[in-house]
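**Q** From the sequence below, what's the structure:
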Amino acid sequence: SGAAAASPPLRCDSRVRELNARATLLLGVPSLPGSRGRARRSSARGSWMRFGAVGDSAAVCFLLSALHAPGEMARLAAEARRHRDMLFLPVAESHMLFRQKTRYSNFSSRGRGMPTFKQYAFF
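**A** The predicted structure follows:
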């Protein structure tokens, strides 16, 4: 008798059925395009994303706008194919800070400055 095959790691692009069956946490991490965003994602991948639950019972998705210049989108798409941990949202990036009371807090507190499109599209 052979050992059961290990399940593939949970990733942002895993099938919904697999995420629903195995994930106890789906973590959306707001991120930015460009070298600063790439450096931050790389740092996360090399540190806390190495924790054993990530890929087993937790999936991490870096949240980015899908509306960037073609050259930047090509770089982001290549990174997404390589790491499988990026989710592109069909909303323009905004540098405005969301300071209104949010549904996320049951309208009890103001937003903490997360870029507007990510609050709108993810929450």
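**Q** need the contact list for residue 10.
**A** Residue 10 sits next to 18-19, 22-23, 55-59 when contact means Cβ atoms under 8 Å, 6 or more residues apart in numbering. No exception for glycine: its C-beta is placed from N, CA and C like everyone else's.
**Q** Would you map the strands across the protein?
**A** 25-30, 58-65, 86-89 (DSSP state E).
**Q** For stretch 66-77, list every residue counted as buried.
**A** Buried residues in stretch 66-77, counted by 16 or more other Cβ atoms under 10 Å: 68, 73, 75-76.
**Q** Distance check, residue 35 against residue 14.
**A** Per Cβ to Cβ, to the nearest Å, residue 35 is found 28 Å from residue 14.
**Q** Also residue 27?
**A** Distance from residue 27 to residue 14, counting by Cβ to Cβ: 13 Å.
**Q** who touches both of these two?
**A** Residues touching both residue 27 and residue 14 (Cβ under 8 Å, 6+ apart) are residue 59.
**Q** Which one's more surrounded, these two?
**A** Legend: neighbour count by other Cβ atoms under 10 Å for residue 27 and residue 14, higher for residue 14 (20 against 14).
**Q** Give me the nearest residue to residue 85, chain neighbours excluded.
**A** Leaving aside its sequence neighbours, residue 85 sits nearest to residue 12 (Cβ to Cβ, 6 or more residues apart in numbering; 4.8 Å).
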